[in-house]
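1. Sequence first, then the predicted structure:
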Amino acid sequence: MVEMKEDVTNNTKMSESKARLAILELAHIMSVPMSLTTIIKLKVAEAIWQDGSNTPLSAADILARIRPHGGGDADNLQRLLRMLTSYDIFDEHLSNCGQRKYSLTNIGKILVDDYQGLSCAYFMLQHHQDALMRAWPLIGEAVEDPTIQPFVKANKEPAFEYYSKRPDEMNLFFKSLSGMSVPLMKDMLNKYDGFLGVETLVDVGGSSGISLRMIMDKYPNVRNGINFDFPDTVSSAPPIPGVTHVGGDAFESVPSGDAIFIKWTIVNWTDEECILVFNNCYKSLPENGKLIVCEPVLPEQTDESHRTRALLGADIFIMTMYKTKGKHRTEQQFKQLGIATGFPHFRAFYFDPYLTLLEFQK
Ligand SMILES: C[S@@+](CC[C@H](N)C(=O)[O-])C[C@H]1O[C@@H](n2cnc3c(N)ncnc32)[C@H](O)[C@@H]1O
Ligand SMILES: O=C(O)c1cccnc1
């Protein structure tokens, strides 16, 4: 009996120390995005990658590459590299004499620009711009009163208005989403053939039009692409052969096409706004026409997996930056949206851990 009591006390002590450790980790979680954005701004991944060599380098070697005229503190750079190694950005090579060298892991590699000047680094940079950082401390406002938008309170205007008045911000926003979208779209187009037989495809919230370009490259049967977005956004979109950029508001109407595509945009809309847009899509589609949606889909169960954390973390990001009642939704919630707007056929296709294809057919 006594033994058992000691056991319970030991277990409690053990779990309390683990609990404290968890809080200590969370209390300093900010060091992760702040160090990572610093590493990106310093172009450390490019310095190591060197066109594919990925040779392990010491902090001093890296500094010599990113500061060819000298300067900088190798010790402090090594502290960032070491911490980010624990988040699997770098591989650390520790020699017998205690020297540390760093190469890129698979995560580190996707921070290096590709031939189009795109990478996943821009998503990190865009998400930690000063204007967005100003909104984070105001997140509680969304709980107290959801009519108060934290980003608006911090910056006096909604995020998309803020970006569209600042060409550098708008360009970073394009690069942020394109850097994530291009590899993801490639993957999707290899696994999904739902664009076969479509001649005119409308991309609602198509932003720069890069997704349409990729769909049309893979499916030449799509001869007319309509990139539909707010007028301020399409006015800075680049020309793409076969694509017409159309400015407008999907809450009012959506251009007609054989099929409609919406990617990574519904998250920014309230349930009422989703109903408006789905109704407008229904009106613009022919009989049996398809609405092809590609959005984050939340699991029903909450767990501690990277997937669930990435999806729930981004749900809070949307609430804070774009719309307090915009949100990530479950498959069931999407299915209900389709039923409420007259789409009797629904199919979910899990091609990626983050974005899911959802087909709604008339
Ligand atoms: C997060 S971006 C997604 C861009 C692109 N679909 C992608 O996956 O990279 C959302 C886009 O939807 C546009 N958008 C949001 N609400 C809209 C509306 N009511 N009418 C037209 N475009 C809208 C925004 O301007 C923005 O370009
Ligand atoms: O992460 C973003 O910036 C994002 C994602 C979806 C929709 N709007 C913004």
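-> Here it is on my side, so go on. Ligands and ions are numbered 1, 2, ... in the order given.
2. May I have the residues that are in contact with the residue in the stretch 51-200 of the chain positioned nearest to ligand 1?
-> The stretch 51-200 of the chain approaches ligand 1 most closely through Leu177 (3.7 Å), counting by CB to the nearest ligand atom. For the C-beta atoms, the positions are set from N, CA and C on the backbone; glycine is no exception. When contacts are counted by CB atoms under 8 Å, 6 or more residues apart in numbering, Leu177 touches 123, 207, 264.
3. Keep those residues, but drop any that are not near ligand 2.
-> The subset of these lying close to ligand 2, counting by CB under 6 Å from any ligand atom, consists of Trp264.
4. which SS state does Thr244 fall under?
-> Three states are possible here, and by DSSP: H, G, I helix; E, B strand; the rest coil the one that applies to Thr244 is strand.
5. Please work out how many residues are found near it.
-> Residues contacting Thr244 under the criterion other CB atoms under 10 Å number 17.
6. picking up where we left off before, could you list the buried residues of the helix or strand that contains the residue of the stretch 51-200 of the chain closest to ligand 1?
-> Secondary-structure element containing Leu177, defined by DSSP states H and E: helix 167-191. Using 16 or more other CB atoms under 10 Å as the test for burial, helix 167-191 gives 169-170, 172-182, 184-185, 188-189.
7. Show me which residues of the stretch 151-300 of the chain sit near ligand 1.
-> Counting by CB under 6 Å from any ligand atom, the stretch 151-300 of the chain sits next to ligand 1 at 160, 177, 181, 205-207, 211, 229-230, 233, 249-251, 263-265, 268.
8. rewinding a little: out of the contacts of Leu177, which one sits closest to Leu311?
-> Minimum distance to Leu311 across these is 12.6 Å, recorded for Trp264 (CB to CB).
9. quick one: contacts for the closest residue to the closest one other than its chain neighbours?
-> The shortest distance from Trp264 to any residue that is not its chain neighbour, by CB to CB, 6 or more residues apart in numbering, is 6.3 Å, and that residue is Glu295. Taking CB under 8 Å, 6+ apart as the definition of contact, the neighbours of Glu295 are 262-267, 328-329, 334, 355-356, 358.
10. And Glu295, its phi and psi?
-> With angles defined as degrees, to the nearest 10, Glu295 shows backbone torsions of phi -140, psi 160.
11. what is His245 paired to in the beta sheet?
-> Beta-bridge pairing for His245 (DSSP bridges): Asn227.
12. residue boundaries of the strands in this structure?
-> In order along the chain, the chain carries the following strands (DSSP state E): 90-94, 100-104, 200-204, 224-229, 243-247, 259-263, 290-298, 329-330, 345-349, 355-361.
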